[in-house]
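A.B. asks: Just the structure for this:
(4 chains)
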Number of protein chains: 2
Amino acid sequence: MATMQDVARLARVSVSTVSYALTGARPISQATRDKVLAAMAELDYQPNAMARGLASRRSRILGLLLPMDERGLGATETAFVTGAAAAASAAGYHLVLSPIGVGDLDQLRRLASQRMLDGALLMEVQLHDPRVDVLRELGVPLVLIGRTADTTGLSYVDIDFDQTVRAAVGHLVDLGHHRIVYVNHSADTLAEGYGPALRTRDAFTAAMAGHGLEPLMIPAEDSAAGGRTALATALRRVPDLTAILAMNESAVFGLLGELAARGRSVPDDVSVVSMVTSPQVAELATPALTAMNSPGSALGRIAIETLLRHVDVGDAQINQQLLPCALEVRGSSGPPRTEGTTTEAARRRAATRRRA
Amino acid sequence: MATMQDVARLARVSVSTVSYALTGARPISQATRDKVLAAMAELDYQPNAMARGLASRRSRILGLLLPMDERGLGATETAFVTGAAAAASAAGYHLVLSPIGVGDLDQLRRLASQRMLDGALLMEVQLHDPRVDVLRELGVPLVLIGRTADTTGLSYVDIDFDQTVRAAVGHLVDLGHHRIVYVNHSADTLAEGYGPALRTRDAFTAAMAGHGLEPLMIPAEDSAAGGRTALATALRRVPDLTAILAMNESAVFGLLGELAARGRSVPDDVSVVSMVTSPQVAELATPALTAMNSPGSALGRIAIETLLRHVDVGDAQINQQLLPCALEVRGSSGPPRTEGTTTEAARRRAATRRRA
DNA sequence: CCGCTCAGTCGAAGCGTTTCGACTAACCGC
DNA sequence: GCGGTTAGTCGAAACGCTTCGACTGAGCGG
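C.D. replies: Okay, here's the model as predicted:
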């Protein structure tokens, strides 16, 4: 394995010159640079990451802290991860994914205080997330994916739940629905202060109120069984419901199964719209789900770019950014059966809105 | 941030003594060790990972190379990852996940030749996997999850597809099924030489032959649509089929949807058994899928332990290990309708086998 | 009681970079 | 032609650890 010494010797320059040619920290004449680069190429030189990290106090490693529960990573998260990894790689950084949950604070502290991370991206952020405190205390730049309750001084990138819910409700209302139920994450998740669950709840209430409609939210466990139970509850509370908006990607399958079991057809009897869902998952269902496509990859790229700005200049400007999900109409939503004659009009209205 | 110097000064010993107390590379008296540990605790000392890596030529980082396609990570892979991460952490190593695919050989080469990885775990191994060559050439210890065609000199951990398929087919045969179709991954995937697809194909052929039955395999794209198409093909080729064994986790949902659409009930008309599936995913379906549970977490732990043995002693013994998936009977399998009177007997036979 | 071994400790030499201060020429405006 | 920049280069000192050789006593068989 060639070292900088070898390159310097071959190019007949000093070690520091090689370093400057590599990093551009000081000007180097074109002739010298060419010599150095040629020597590097000839020796197949790769800088030693550890030596570089020690001398520069920069590991060139960014951490992506993503708690991995038994549910696995959905296509949404995956898109985010690959988007972030690509952006990091383009900037000459490595992105390491660490399955560190909110519970493993010690492990996080160890990782960070070993100076292994130049910065961190936090996924599945909770409203009061202790990881934020740990990282701030240790002086590790960070960017949140999601938001804590108090975001002063913190950069974050998140989904614009408000706008996303409004668009979803708008779609259903345009189709002619009035009795719309929102199936959220579980009551426990809400109690824990999981941001997306709380924000969509509030956004749903506001959106329904905006149309003069009454909002009903039902929490559901993150599983097929939870979806089935939620549907039963929903039908009991609102027997004449014609549309369901679902936040819970896992529950939505149970929900569809239970609808089928009860002989209610989708979308003729009940329309279903799934929130923050990737096309891949939406296509798994029968019929394919009308869904709000999450901007996973863009989210990842923006998050990394923001983080790198913090890493490079300590006091970079705070960046707080929201991206909406785009409505994608598939087979699971349509005009309500009871609307009879207004169906055509509703369809036309929806199509118009969709193009907008 | 305290350094080893600070600790040495506070404990009134030399730096090397601190190092020995920390790593145990040389014997240290109990009294001295206590002094040193006390000093470390007082200063909240954490060794600098970069300095340590540079001096010892060991990064204490293991790479988990997992190509992330748009499908995301299933619960199976997630269990594997968390199992591996826990084992690595217990041994004082960091596990970094890198979404490096077979296409990013340059990136892999860079990562490895920067001496950033002490070893690597390769997921989604292909029969002729170029990543293996790159890592071997650079002298990075590696363990495969899956297998290449030629495994001489390579350690791997993999699912015992042979035994798994045999158990799945056995379950269906015990229930009384004779017309069993196997829905595999796509033709492209087979052509690419994706090991699990090829091995299950061969295992299926063998298992069916063992029961004197005729094997029919149908490839399916990894999507719901692929599953629907596959079902159509299957019914055309074997109109009287009573059971389906599915390798393709994505396709199985489309398959179920299409069965429902054609008015065939599961499991009364058609039994469905899903291979290498996590309980979480199996429960998503309606009815819940009888499946072969993948031993994800154990696989991860064993893989890391094997890898660490290679890292610690250069010429560690090759370890090639297969773990079977365990049959878990849920609602999607039962005796074939046509069997009439033998139903009870078949059910009893299946139950017996299940306990074994 | 002699020469050994061995546990326990120290000092110093790396590990392969970055970065700082210093030096040399060339070039500027005047 | 003179001080003052500036581009380009060098040597050496970090960076914070590990590891090697050497030293000191204590314990021990003969």
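A.B. asks: A:Arg136 against A:Thr148, yeah?
C.D. replies: No - between A:Arg136 and A:Thr148 there is no contact under Cβ atoms under 8 Å: 11.1 Å. Using the backbone N, CA and C atoms, a C-beta is placed for each residue, glycine as well.
A.B. asks: So between those two, which is more surrounded?
C.D. replies: A:Thr148 (20 against 13; other Cβ atoms under 10 Å in any protein chain shown).
A.B. asks: Could you pull up the contacting residues of the more buried one?
C.D. replies: Residues in contact with A:Thr148, defined by Cβ atoms under 8 Å, 6 or more residues apart in numbering or on different chains, are A:125-129, A:132, A:154, A:195.
A.B. asks: give me that answer again for 6 Å
C.D. replies: A:127, A:129 (Cβ atoms under 6 Å, 6 or more residues apart in numbering or on different chains).
A.B. asks: Tell me how far it lies from A:Val132.
C.D. replies: 6 Å (Cβ to Cβ, to the nearest Å).
A.B. asks: same question, A:Ser113
C.D. replies: Taken as Cβ to Cβ, the span from A:Ser113 to A:Val132 is 16 Å.
A.B. asks: what about those two, which has more around it?
C.D. replies: A side-by-side neighbour count of A:Ser113 and A:Val132, using other Cβ under 10 Å, places A:Ser113 first with 22 against 19.
A.B. asks: Please list the residues of chain A that sit near DNA strand D.
C.D. replies: Counting by Cβ under 7 Å from any atom of the strand, chain A comes close to DNA strand D at A:12-17, A:20, A:26-33, A:54-55, A:57.
A.B. asks: Compute the number of surrounding residues for the closest residue to A:Asp44 other than its chain neighbours.
C.D. replies: Residue nearest to A:Asp44 in three dimensions, not counting chain neighbours: A:Ala2, with 6.6 Å by Cβ to Cβ, 6 or more residues apart in numbering or on different chains. By other Cβ under 10 Å, the residues close to A:Ala2 number 17.
A.B. asks: Tell me if I am right that A:Ala2 is in a strand.
C.D. replies: No - counting by DSSP: H, G, I helix; E, B strand; the rest coil, A:Ala2 is not part of a strand but coil.
A.B. asks: Low-confidence ranges, chain A, go.
C.D. replies: Judged by pLDDT under 70, chain A has its weakly predicted residues at A:70-72, A:338-356.
A.B. asks: Where does the record place the domain boundaries for it?
C.D. replies: When chain A is parsed with automatic domain parsing, its domains come out as A:4-47, A:61-159+A:296-323, A:161-294+A:326-355.
A.B. asks: The last one near chain B anywhere?
C.D. replies: Yes - residues of domain A:161-294+A:326-355 are located near chain B by Cβ under 6 Å from any Cβ of the partner chain, namely A:224, A:253, A:257, A:280, A:283-284, A:286.
A.B. asks: Farthest pair within those residues?
C.D. replies: A:Gly257 and A:Gln280 (19.2 Å; Cβ to Cβ).
A.B. asks: So if I had to pick from those two, which one is more boxed in?
C.D. replies: A:Gly257 (23 against 20).
A.B. asks: Show me what the helix or strand hosting that one is packed against.
C.D. replies: Here A:Gly257 sits within helix A:251-261, counting by DSSP states H and E. Using 3 or more Cβ pairs under 6 Å, 6 or more residues apart in numbering or on different chains; DSSP states H and E, the elements in contact with helix A:251-261 are helix A:224-237.
A.B. asks: how does it look with 7 Å?
C.D. replies: When contacts are defined as 3 or more Cβ pairs under 7 Å, 6 or more residues apart in numbering or on different chains; DSSP states H and E, helix A:251-261 packs onto helix A:224-237, strand A:243-246.
A.B. asks: Following the chain onward from it, which element is next?
C.D. replies: According to DSSP H and E, the helix or strand after helix A:251-261 is strand A:271-277.
A.B. asks: So which elements touch that following strand?
C.D. replies: helix A:161-175, strand A:243-246, strand A:290-293.
A.B. asks: and with 6 Å instead?
C.D. replies: So strand A:271-277, by 3+ Cβ pairs under 6 Å, 6+ apart, packs with strand A:243-246, strand A:290-293.
A.B. asks: Reformat those strands as JSON lines; add mean neighbour count.
C.D. replies: As requested, the helices and strands packed on strand A:271-277 are exported to JSON lines (neighbours: other Cβ atoms under 10 Å in any protein chain shown):
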{"stretch": "strand A:243-246", "mean neighbour count": "28"}
{"stretch": "strand A:290-293", "mean neighbour count": "25"}
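A.B. asks: Same list (those strands) but as a markdown table, adding distance to DNA strand C.
C.D. replies: A markdown table is the format used below for these (distance: least, Cβ to the nearest atom of the strand, whole Å):
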| stretch | distance to DNA strand C |
| --- | --- |
| strand A:243-246 | 50 |
| strand A:290-293 | 41 |
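A.B. asks: Output those strands in TSV; the columns should cover distance to A:Cys325.
C.D. replies: Formatted as TSV, those follow (distance: least, Cβ to Cβ, whole Å):
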stretch	distance to A:Cys325
strand A:243-246	12
strand A:290-293	4
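A.B. asks: ok and the residue in the stretch 151-300 of chain A nearest DNA strand D?
C.D. replies: A:Gly153 (26.4 Å; Cβ to the nearest atom of the strand).
A.B. asks: which residue sits closest to that residue in space, ignoring its chain neighbours?
C.D. replies: Counting by Cβ to Cβ, 6+ apart, the residue nearest A:Gly153 is A:Ile318, at 6.5 Å.
A.B. asks: Look up how far A:Val7 lies from the one you found.
C.D. replies: In terms of Cβ to Cβ, A:Ile318 sits 41 Å off from A:Val7.
A.B. asks: cool, and A:Ala207?
C.D. replies: For A:Ala207, the distance to A:Val7 - Cβ to Cβ - is 62 Å.
A.B. asks: do A:Ala88 as well
C.D. replies: 26 Å.
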